[in-house]
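Give me coordinates for this.
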Amino acid sequence: MGTVVSFDLAAGYAGPVLASAIGWLHWVDATFSTYRADSEISRLGRGEITLLDCAPEVVDVMAACEAMTAVSGGYFSAWYAGELDPSGYVKGWAIERAAAMLTAAGSVSHCVNGGGDVRCVGPRDVAGGQPWRVGITDPLRPGGLSTVVTGSDIAVATSGVAERGAHIVDPLTGQPVTGELSVTIVGPDLAYADAYATAAVAMGYPAAVDWISGLDGYEAFGIRADGSRWETTGFGAYRLGLTGCAAGC
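Residues are numbered from 1 along each chain as shown. So this is what the prediction gives:
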């Protein structure tokens, strides 16, 4: 789906389920990628097939996207300029499930990173209890970091222009988003965090602050096109160097 996925597992653990998790991600790519003309999501978008012809996972994803559209007041949508593209939910959903596969197989410490959307399970250092550290790219300084998120059992998703340019469209206007350069969401589930981040970029400041603040267990950090930064009240608990962690970590 146009990105790279990496796995970071605790030393000594490399169970056979890792191959299954990688196989799952390849299946997701073959089924949901908008870069592949023969994927089910591409064929569904062109009207060549219906949901009845699709895998159950496609039905589930489309239902989740509809729910996300309702929750976000229309700022998240699987349809952009008449084309079907649920990638704003699918990537986080796929990474979340891959991480869950490792957990089910007995791994108590691992991190799955899909193009900067990260699901961390357990502490980074089981013996010492050290949390994971996730660097957030600074869209104004190529190669630099805007901040570092730290925690155990967390999902971190960022949407914005740093990797793919101005690719996010406001579903309500049909125009590319220009006010926000990036929004990072931290919370317990990467599927939701990924979709929330996309919606928050489209929504923009200050509406995104109020909206994310009303979502249980999720916090946000944003960088605007003018270089100013904003965050929800609880985001500081995740920032490197501060103690404590928000509910759900």
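
residue ranges of the helices in the chain, please?
All helices of the chain, identified by DSSP state H, fall at 17-32, 40-45, 56-71, 87-104, 190-203, 207-213.

what's the average pLDDT for the fifth one?
Per-residue pLDDT values over helix 190-203 give a mean of 96.

helices or strands up against that helix?
helix 56-71, helix 87-104, strand 117-121, strand 154-160, strand 180-187, helix 207-213, strand 219-224 (3 or more CB pairs under 8 Å, 6 or more residues apart in numbering; DSSP states H and E). Where C-beta positions appear, they are placed from N, C-alpha and C, glycine not excepted.

can we see that at 10 Å?
helix 56-71, helix 87-104, strand 110-114, strand 117-121, strand 154-160, strand 180-187, helix 207-213, strand 219-224 (3 or more CB pairs under 10 Å, 6 or more residues apart in numbering; DSSP states H and E).

and T233, which of the ones you listed is closest to it?
Proximity to T233, assessed across these by CB to CB, is greatest for helix 207-213 (6.6 Å).

give the contact list for the one residue sitting closest to the centre of the chain.
Among the residues of the chain, the smallest C-alpha distance to the mean C-alpha position (CA atoms, centre = their mean) belongs to D194, namely 2.6 Å. When contacts are counted by CB atoms under 10 Å, 6 or more residues apart in numbering, D194 is found next to 68, 76, 87-96, 114, 117, 119, 155-159, 185.

And for V28?
1, 5, 39, 57, 61, 90-91, 93-95, 97-98, 114.

so can I have TSV of those residues showing distance to L181, pLDDT and neighbour count?
Rendered in TSV, the data for the contacts of V28 read as follows (distance: CB to CB, whole Å; pLDDT from 0 to 100; neighbours: other CB atoms under 10 Å):
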residue	distance to L181	pLDDT	neighbour count
M1	22	72	19
V5	24	95	20
S39	30	98	19
E57	32	98	17
V61	27	98	23
V90	23	97	27
K91	19	95	27
W93	25	98	23
A94	25	97	29
I95	23	97	26
R97	29	97	18
A98	28	96	25
G114	21	95	24
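
Looking at the residues you listed, which is nearest E83?
Proximity of the contacts of V28 to E83, judged by CB to CB, is greatest for S39, which lies at 13.0 Å.

which residues touch that closest one?
When contacts are counted by CB under 10 Å, 6+ apart, S39 is found next to 1, 28-33, 45, 58.

And the buried ones among the residues you listed, selectable in PyMOL?
A single PyMOL command selects the buried members of those (16 or more other CB atoms under 10 Å):
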select buried, resi 1+28+29+31+32+33+45+58
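
Going by distance to G135, which of the contacts of S39 wins?
Each of these was checked against G135 using CB to CB; the closest is M1, at 21.9 Å.

For the closest one, which non-adjacent residue is spatially closest?
Nearest-residue entry for M1: S33, 4.7 Å, with adjacent residues in sequence omitted and distances by CB to CB, 6 or more residues apart in numbering.

same thing with D138?
With CB to CB, 6+ apart, the residue lying closest to D138 is S146, at 3.9 Å.

In stretch 212-230, which residues are buried?
Along stretch 212-230, the positions that meet the burial threshold by neighbour count (16+ other CB under 10 Å) are 212, 215, 217-224, 230.

Which members of those residues are the farthest-apart pair?
With CB to CB as the measure, no two of the buried residues of stretch 212-230 lie farther apart than G217 and R224, at 24.6 Å.

ok so, going back, make JSON lines from the helices and strands packed on helix 190-203 and add distance to V169 to it.
As requested, these are arranged in JSON lines below (distance: least, CB to CB, whole Å):
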{"stretch": "helix 56-71", "distance to V169": "14"}
{"stretch": "helix 87-104", "distance to V169": "10"}
{"stretch": "strand 110-114", "distance to V169": "21"}
{"stretch": "strand 117-121", "distance to V169": "19"}
{"stretch": "strand 154-160", "distance to V169": "12"}
{"stretch": "strand 180-187", "distance to V169": "13"}
{"stretch": "helix 207-213", "distance to V169": "16"}
{"stretch": "strand 219-224", "distance to V169": "18"}
